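> generate a structure from the sequence data that follows.
(one chain, ligands or ions: 1)
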Amino acid sequence: MQGDTLLIKSGGAAALTEWQHHFARLLPGLRVYGWDDPFVDARSVKYALVYQPDHGRLAHYPRLRLILSAAAGVDHILADPTLPVGIPIVRMVTDETRERMSDFVTLSALAIVRDLPSLVVAQREGRWANELTGRLARDTRVSVLGLGELGRAVAARLQANGFQVSGWTRTPKPLPNLRVFAGAAQLDALLAETDILVNLLPDTLATRGILGRGLFARLPPGASLIQVGRGAHLDTQAMLDALDSGRLRSAVVDVFDIEPLPPESALRRHPRVLVTPHIASTVSYAARARQVVSVLDAHRRGEALPFVYDAVRGY
Ligand code: NDP
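Presented below is the predicted three-dimensional model:
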């Protein structure tokens, strides 16, 4: 590890000092440089920790051994058409990622059952809306699309808050205390029993556009959506139409095709849509640096790496 170089593109120049501070403490021998540092010798770069790397740049380092995503998804890396092949790409998953996502989805689900958006509107309008008593979590069926690192944690937290929770995976996966539906053949059955749908799928060819007209039509009228996966999953116009027809009652949307969401987007003004700026699970640099160090340690020892992107599965 002594003398190895880690190149970072995450958080911009302002964040570099913080990254360097954490790595200096955790792994003093590691040389840490910013993405645009003109003095980096390309041949010395062994590791790259990146978010939305400029296309073509990762192919520029002949001794690159690991690509570490600064985020849980890797879509922002795979978008590079000249991405070097055969170099493992490691997703960023930490306990803090699971916890923050669990906090956010639980907050959103409780906001939905207690009609928080309508209460906020009523307050602004000076109305004493004491008819907005909401419903009980325990009478509410939440379906989590994707029971991976985050989906499983979210499902457990929702259950702990009293919700009736089911989940959906690609491959059959019995999980204790959870009703699991698997594959396209079982999706309709799950949707038919859903009051709140949570999207925690990865962005793959099979899942892109999944939150579209066909899916909304299969939900019970008045269901709600919590969209925390990736922007590419959602057909925004289909969601707006489903909201206007009453098929969907409300939505919390944290991820978008274009970020920041353009000011003119209809989503920003819809009274039953809560828009958040991709903050469902933004993890501290400290936690991410710890995770990077544990991956580098495993790599150095020749151990199996955790959370490696699998190109055959697509996630
Ligand atoms: P994982 O890769 O750990 O889990 C993916 C899950 O989705 C698995 O359960 C997998 O099934 C399931 N899945 C994949 N393809 C399909 C399919 N075609 N049909 C049914 N199920 C499928 O992902 P994570 O839990 O780490 O991340 C989930 C999502 O959260 C990602 O989209 C990520 O980008 C997003 N995210 C969003 C953040 C935010 O702030 N908004 C922050 C962090 C992550 P199986 O179990 O069979 O493999």
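
> give me the nearest residue to Phe39, chain neighbours excluded.
Leaving aside its chain neighbours, Phe39 sits nearest to Tyr33 (7.9 Å; criterion: Cβ to Cβ, 6 or more residues apart in numbering). C-beta here means a position set from N, CA and C on the backbone, and glycine is covered the same way.

> same question, Arg135
Among residues not flanking Arg135 along the chain, Val113 sits closest, at 5.1 Å (Cβ to Cβ, 6+ apart).

> my guess is that neighbour contacts Arg138. True?
No. Contact criterion Cβ atoms under 8 Å: Val113 and Arg138 do not qualify, at 9.8 Å.

> counting by contacts, list what the helix ranked longest in the chain packs against.
Of all segments of type helix in the chain, defined using DSSP state H, the longest is helix 95-113. Contacts defined by 3 or more Cβ pairs under 8 Å, 6 or more residues apart in numbering; DSSP states H and E place helix 95-113 against helix 149-160, strand 196-199, strand 223-227, strand 248-253, helix 285-300.

> secondary structure class for the residue nearest to Phe39?
Recorded secondary structure, Tyr33: strand (DSSP: H, G, I helix; E, B strand; the rest coil).

> and it, what is it in contact with?
In this structure, Tyr33 makes contact with Thr5, Leu6, Leu7, Ile8, Phe39, Val40, judged by Cβ atoms under 8 Å, 6 or more residues apart in numbering.

> dump those into JSON lines; add secondary structure and distance to the ligand as well.
Listed next are the contacts of Tyr33 as JSON lines, based on DSSP: H, G, I helix; E, B strand; the rest coil; distance: Cβ to the nearest ligand atom, whole Å:
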{"residue": "Thr5", "secondary structure": "strand", "distance to the ligand": "27"}
{"residue": "Leu6", "secondary structure": "strand", "distance to the ligand": "22"}
{"residue": "Leu7", "secondary structure": "strand", "distance to the ligand": "23"}
{"residue": "Ile8", "secondary structure": "strand", "distance to the ligand": "19"}
{"residue": "Phe39", "secondary structure": "coil", "distance to the ligand": "33"}
{"residue": "Val40", "secondary structure": "coil", "distance to the ligand": "29"}
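
> mark which of those residues are buried, thanks.
By neighbour count, with 16 or more other Cβ atoms under 10 Å, these hold Thr5, Leu6, Leu7, Ile8, Val40 as buried.

> and which of those is nearest His299?
When those are compared for distance to His299 (Cβ to Cβ), Leu6 wins out at 11.6 Å.

> mind listing what the residue lying closest to that closest one once chain neighbours are set aside touches?
In space, and not counting its chain neighbours, Leu6 is closest to Tyr47: 4.4 Å by Cβ to Cβ, 6+ apart. Residues near Tyr47 by Cβ under 8 Å, 6+ apart: Asp4, Thr5, Leu6, Leu7, Leu64, Arg65, Leu66, Ile67, Leu68, Leu296.

> distance-wise, check Tyr47 relative to Val308.
Distance of Tyr47 to Val308, given as Cβ to Cβ, to the nearest Å: 14 Å.
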